[in-house]
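# Return a 3D structure for these sequence lines:
(one chain, ligands or ions: 2)
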Amino acid sequence: MASADLGALVERIGRGEKTAVAAALNLVEDTRAEARENAGALLGLLRGSARSQASHRIGITGPPGVGKSTLAAALARVLREDKKTVGVLAVDPSSTRSGGALLGDRARMAFDPADEGLFVRSVATGGEVGGLAHSAAAIVRIFAAAYDVVLIETTGVGQNETDVADVADTVVLVVQPGSGDALQFIKAGVMEIPDLCVVNKADESVLAQRAAADLSSALHAMRGAGVDHEVKVCLTSALAGTGVRELATLLTQRRATLPDSSLRTHRALVDVSWALSLFTRAHGSHGTEALGGTEALREEAAARAAEGVSALQIAAEWSTRYLDAARHR
Ligand SMILES: Nc1nc2c(ncn2[C@@H]2O[C@H](COP(=O)(O)OP(=O)(O)O)[C@@H](O)[C@H]2O)c(=O)[nH]1
Ligand SMILES: [Mg+2]
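Ligands and ions are numbered 1, 2, ... in the order given. Okay, here's the model as predicted:
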């Protein structure tokens, strides 16, 4: 693709054109060499865009069945009412797990396919172990450049699955009444400490209010011991739509308090891990050792990312260097 074409695509993505977003998604999932090169350049161009900087990337995590998909749909609806554009990505960490895709048919039906300001995509990471799922990270970058809010649904239980949520600016943990598990997971360090908690299915149980209060005080008690900020707990019924607007308001407030500098730092760290996982997947630890080790590569990636180079491009540079060196041995 000529760079003029890429530039036009970037512009159309910036205007939130659905066909352009779809074209970009196809490009990053194309494994052919030329497509990879274009995808790398595209992601580099997108990461600096104004809308991308201003976007809010929200991870919705929690055990299966708590209502993440239903909540994502309900949240998207409220955001659309507020004229915010939304990209929804559902990441299925294990295509082998029974029960099908994370974004169930019922939740999928809740989205209006004719809505120009809403894009829904689900991906299976096929149980990819360690590191970010490449396509998920790329989709988030594309959505962020096209839409005001990106919702990323993922199961947040289990170490390698938390990585997808790492690309989020804000992590929302969803639980249901009567599940003390979430707290145990947080305490054990299995689950990332969320920025916000949601006790969903409030309509189903009289215990929901109690569960929310317990979770809230437990999280408060953990302050200092790993939890460095107040974690608000929200009570919702994604099915009935209650509490969802309150959640949307809390999310908007949180986004407004996030300093640009910390967002930039966080997003650059995502690029570093992303580049490393791409390179390691291609060349293994032998590759990283040959180029001076993980620490050196991390430092280099951080510097390159700061120059606006995408993770794909960084990984490609390393591959070239590694293969050249191997040829000269
Ligand atoms: N009663 C009730 N059921 C809900 C609510 N939210 C989701 N569900 C149901 O819980 C089940 C799992 O929901 P889903 O969104 O697929 O959960 P996920 O696996 O976390 O994405 C579905 O049958 C939903 O209809 C809610 O607020 N109240
Ligand atoms: Mg789901």
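# Compute the first-to-last residue distance for stretch 26-38.
11 Å (Cα to Cα, to the nearest Å).
# can you pull out the helices in the stretch 201-329 of the chain?
208-221, 244-257, 260-290, 294-306, 311-327 (DSSP state H, counting those that start in this stretch).
# So which bits of the stretch 151-300 of the chain are right by ligand 1?
Within the stretch 151-300 of the chain, the positions near ligand 1 by Cβ under 6 Å from any ligand atom are 200-201, 203-204, 237-239. All C-beta spots, glycine's among them, are computed from the backbone N, C-alpha and C.
# circling back: I'd like to know which of the helices of the stretch 201-329 of the chain lies nearest to residue 230.
helix 208-221 (7.3 Å; Cβ to Cβ).
# Convert the closest one to CSV, retaining C-alpha atoms only.
Only the C-alpha atoms of helix 208-221 are listed here, as CSV (Å, rounded to 0.1, in the frame of the first residue of the first chain):
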residue,chain,number,x,y,z
ALA,A,208,-26.2,-7.9,46.2
GLN,A,209,-26.2,-4.7,48.3
ARG,A,210,-24.5,-6.5,51.1
ALA,A,211,-21.9,-8.0,48.7
ALA,A,212,-21.1,-4.6,47.3
ALA,A,213,-20.7,-3.2,50.8
ASP,A,214,-18.5,-6.0,51.9
LEU,A,215,-16.3,-5.7,48.8
SER,A,216,-16.1,-2.0,49.2
SER,A,217,-14.9,-2.2,52.9
ALA,A,218,-12.5,-5.1,52.1
LEU,A,219,-10.9,-3.1,49.3
HIS,A,220,-10.7,-0.1,51.6
ALA,A,221,-9.0,-2.2,54.2
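# Just the buried positions in it, please.
Buried residues in helix 208-221, counted by 16 or more other Cβ atoms under 10 Å: 208, 211-212, 214-216, 218-219.
# wait, which of the helices of the stretch 201-329 of the chain is closest to residue 172?
Here helix 244-257 is closest among the helices of the stretch 201-329 of the chain (Cβ to Cβ), at 7.6 Å.
# OK, contacts around residue 37?
residue 316 (Cβ atoms under 8 Å, 6 or more residues apart in numbering).
# again, but for residue 170
56-59, 195-196, 251, 254-255, 258.
# hmm, 10 Å instead?
56-60, 194-196, 250-251, 254-255, 258 (Cβ atoms under 10 Å, 6 or more residues apart in numbering).
# partners of it in the sheet?
Beta bridges link residue 170 to residue 58, judged by DSSP bridges.
# any idea how far it is from residue 55?
11 Å (Cβ to Cβ, to the nearest Å).
# what do those two both touch?
Taking Cβ under 10 Å, 6+ apart as the criterion, residue 170 and residue 55 both touch residue 255.
# re earlier: for residue 23, which of the helices of the stretch 201-329 of the chain is the nearest?
helix 311-327 (16.7 Å).
# Quick check: residue 1 touching residue 45?
No: if you go by Cβ atoms under 10 Å, residue 1 and residue 45 don't touch, sitting 11.7 Å apart.
# Just want to know which of those two has more residues nearby.
A direct count of neighbours by other Cβ atoms under 10 Å for residue 1 and residue 45 places residue 45 higher, at 21 against 15.
# Looking from ligand 1, tell me which residue of the stretch 51-200 of the chain is nearest.
Closest to ligand 1 within the stretch 51-200 of the chain is residue 67: 2.9 Å, counting by Cβ to the nearest ligand atom.
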